[in-house]
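Visitor: Predicted model, plus sequence, below.
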Amino acid sequence: MVNLRTTFTDPVSLRDAVDSLFEQSFVRSSHANGKEDPGRAMAVNLYEKDDIYYLKAYLPGVKGDDVDISVDDNTINLKARIPSKLDSEDAKDYRWHISELGYGDVSRSVTFPVLIDAGSIEASQEDGILTIIVPKAEEAKPRQIKVKAVKKG
């Protein structure tokens, strides 16, 4: 009779080992190859209250004039360039160990579940946080419907 047993007594340490292997093998710093990471998605929060959506995007070091916001139907498209403190030429002179501070081109598209009023959208920026106020379109707002009594006669 064959006795089948697992030789792994601690699956957590196996998981840690596999995670470490993947990080060391595949995660490359943008500085390591002298290129930026184009098209990364920016971090956003989206929430609503009453008839307004609030879309917040984390854009550290980006000036408001360097943010491109466009609306296509029910989708808001955001594009920006996060500046690097070291340009690519200077970065090549260093031996990098960790590079987690993102820079370069970032973008994000957010599609809303209801119609939005594109003409009333407002945007502001404070302390690296872009805030976009997106009102719902009149057609998307809830309404009360009166029931009419029908007279038989």
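Guide: It's in. Residues are numbered from 1 along each chain as shown.
Visitor: Can you give me every residue that contacts residue 48?
Guide: Counting by C-beta atoms under 8 Å, 6 or more residues apart in numbering, residue 48 touches residue 54. To be clear about C-beta, it is placed using only N, CA and C from the backbone, and glycine gets the same treatment.
Visitor: measure it to residue 79 for me?
Guide: For residue 48, the distance to residue 79 equals 23 Å [C-beta to C-beta, to the nearest Å].
Visitor: Please, where are all the helices along the chain?
Guide: Taking DSSP state H as the test, the helices found in the chain are 11-26, 88-91.
Visitor: ok, of the ones you listed, where does mean pLDDT dip lowest?
Guide: Lowest mean pLDDT of those: helix 11-26, a mean of 63.
Visitor: For the residue nearest to the spatial centre of the chain, give its distance to residue 59.
Guide: Centroid-nearest residue in the chain, with C-alpha atoms, centre = their mean: residue 43, separated by 3.2 Å. Noted for residue 43: a distance of 9 Å to residue 59, by C-beta to C-beta.
Visitor: Same check on residue 103?
Guide: Distance, residue 103 to residue 59, using C-beta to C-beta: 11 Å.
Visitor: what do the two both touch?
Guide: residue 82.
Visitor: shaky segments in the chain?
Guide: Segments of the chain classed as low confidence (criterion: pLDDT under 70) are 1-12, 18-40, 85-90.
Visitor: how about the strands in it?
Guide: 40-41, 44-49, 52-58, 67-72, 75-82, 104-111, 122-126, 129-135 (DSSP state E).
Visitor: now those strands as CSV including distance to residue 141?
Guide: Converted to CSV, the strands of the chain look like this (distance: least, C-beta to C-beta, whole Å):
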stretch, distance to residue 141
strand 40-41, 30
strand 44-49, 12
strand 52-58, 11
strand 67-72, 18
strand 75-82, 19
strand 104-111, 19
strand 122-126, 18
strand 129-135, 9
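Visitor: For residue 151, find the nearest of those.
Guide: strand 129-135 (40.6 Å; C-beta to C-beta).
Visitor: what's that closest one in contact with?
Guide: Everything outside strand 129-135 that qualifies as a contact, by C-beta under 8 Å, 6+ apart, is 51-59, 62, 64, 67, 69, 76, 78, 80, 112, 116-117, 120-125.
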